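Undergrad: Generate coordinates for the sequence data below:
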Amino acid sequence: MAKELLKGNAAAGEAAVRAGADFFAGYPITPSTEILEYLSSRMGELGRTFIQAESEIAAVNMVLGASAAGARCITASSGTGISLKMEGYSYAESMKLPFVVVNVQRHGVGLGGLDSGQSDYFRETKGGGQGDYRRVVYAPSSIQEQVDMIYKSFDVAEKYRIGVTIFSEAVLGQMMEAVDMPPFKKREGELDWGIDGTGKKGIRNNKWTIFERVEMYHEIEEQYQEWENINVEDAEYVFVAAGLPARVCIDTVKKLREKGEKVGLIRLKTLWPYPVKAFKELGPNLKGLISVETNVQGQMVEDVALTCRKFKINAPIYCYAYGPGVPMVKEIVAKYEEVKSGKCEERF
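TA: Numbering: from 1, shown residues only. Predicted structure coming up:
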């Protein structure tokens, strides 16, 4: 099929319906609103259910109800809207209810701003809301990758009956790229848990035991780490990044390599499970790792440090916490030169 020129948020909505999503509930909030707008007409065209709820809290609870009845569900939001959904995330986990959410992130704290960023890393990767739980988190670097991740996310969610987050960003949602859209698909097989009116399936049998949850998380951690390593085998300095910063780092590595600099990149595609296996491929010449992320303090750098501790990697760890927006190649190059010259303080 020919590629289509689509806006990131519109492509997210289309990918969801092609993946078989038959229920959406949400509330408008910039910069994610176009997902809701797109699905408001598209779901009706396909005979599926779209609801603009009265609030984010109402939306996530509608999703839980539809998921409990066996629907393939999605919601989307940004910033404070995602914060309001956190209680629903936690309850969904306690009741083993799968659904997908697209978080088109704002930058900042509180209400935040409309700039792009990765301010929600801690919240999305460490559980969020009350309780001891996890969600699978995909971090796309392009609209095509976002489409592909959304397309498979429903299958992952329903296989483990777990929530899945698409860690999008404002710029990714608003930009346009040519993409190949996948074919329409339907869920295969019958659900053994969706409420069907018989009283024999559903929430009564949906409670996790502690041991079942831990075993499931271990399996996901082992099987669902996704990453791309670029020139790490002989690299002296390695960037670690996800999403749009990682996309810029690809060009940064190319530019620096052309100058004879031995640099590489670990491009993370999942943020949970965190791709610790990627770090096993680091070579013996390593002098430092640089976490590149678009928030004020640096958040992902802590997982970089923990992973290095796990594998006894003793190289210093630096952080380029850029924001708001997306850094340019020349800015990452400048940070690299600071690190290499000893002018940048180690983070860990």
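Undergrad: so what pLDDT did A246 get?
TA: On the pLDDT scale, A246 is placed at 98.
Undergrad: Show me what the residue nearest to it when sequence neighbours are not counted bridges to in the sheet.
TA: Of all residues not flanking A246 in the chain, R267 sits nearest, at 4.3 Å (C-beta to C-beta, 6 or more residues apart in numbering). The C-beta positions use only the backbone N, C-alpha and C, and glycine is treated the same way. Legend: beta-bridge partners of R267 under DSSP bridges are E228, A241.
Undergrad: Show me the strands in this protein, by range?
TA: With DSSP state E as the criterion, the chain has strands at 4-7, 23-26, 49-52, 73-77, 100-105, 136-138, 164-169, 176-179, 227-230, 237-242, 263-268, 270-272, 288-293, 317-321.
Undergrad: residues in contact with the first one?
TA: Meaning strand 4-7. Identification of contacts with strand 4-7 by C-beta atoms under 8 Å, 6 or more residues apart in numbering yields 14, 34, 143, 173-181.
Undergrad: now these as JSON lines including neighbour count and pLDDT?
TA: Output for the contacts of strand 4-7, formatted as JSON lines (neighbours: other C-beta atoms under 10 Å; pLDDT from 0 to 100):
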{"residue": "E14", "neighbour count": "21", "pLDDT": "98"}
{"residue": "E34", "neighbour count": "21", "pLDDT": "97"}
{"residue": "I143", "neighbour count": "25", "pLDDT": "98"}
{"residue": "G173", "neighbour count": "28", "pLDDT": "98"}
{"residue": "Q174", "neighbour count": "16", "pLDDT": "97"}
{"residue": "M175", "neighbour count": "16", "pLDDT": "97"}
{"residue": "M176", "neighbour count": "12", "pLDDT": "98"}
{"residue": "E177", "neighbour count": "17", "pLDDT": "98"}
{"residue": "A178", "neighbour count": "11", "pLDDT": "97"}
{"residue": "V179", "neighbour count": "21", "pLDDT": "98"}
{"residue": "D180", "neighbour count": "11", "pLDDT": "97"}
{"residue": "M181", "neighbour count": "17", "pLDDT": "97"}
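Undergrad: Now do whatever residue is furthest in space from the centre of the chain, the pLDDT please.
TA: Residue farthest from the centre of the chain, counting by C-alpha atoms, centre = their mean, is T198 at 36.6 Å. If you check T198, the pLDDT there is 80.
Undergrad: Give me the neighbour count for W272.
TA: Counted with other C-beta atoms under 10 Å, the neighbours of W272 add up to 23.
Undergrad: the helices in the stretch 201-348 of the chain, which residues?
TA: Taking DSSP state H, counting those that start in this stretch as the test, the helices found in the stretch 201-348 of the chain are 210-223, 243-258, 301-310, 329-341.
Undergrad: And the last one, what does it pack against?
TA: Put plainly, it is helix 329-341. Helices and strands touching helix 329-341, by 3 or more C-beta pairs under 8 Å, 6 or more residues apart in numbering; DSSP states H and E, are strand 237-242, helix 243-258, strand 288-293, strand 317-321.
Undergrad: Out of the ones you listed, which one sits most buried?
TA: Ranked by mean neighbour count, the helices and strands packed on helix 329-341 are led by strand 237-242 with a mean of 28 (mean count of other C-beta atoms under 10 Å).
Undergrad: Where is the longest helix in the chain?
TA: Using DSSP state H, we find that the single longest helix of the chain is helix 143-160.
Undergrad: Which positions in that one come out as buried?
TA: For helix 143-160, burial by neighbour count (16 or more other C-beta atoms under 10 Å) applies to 143-151, 153-158, 160.
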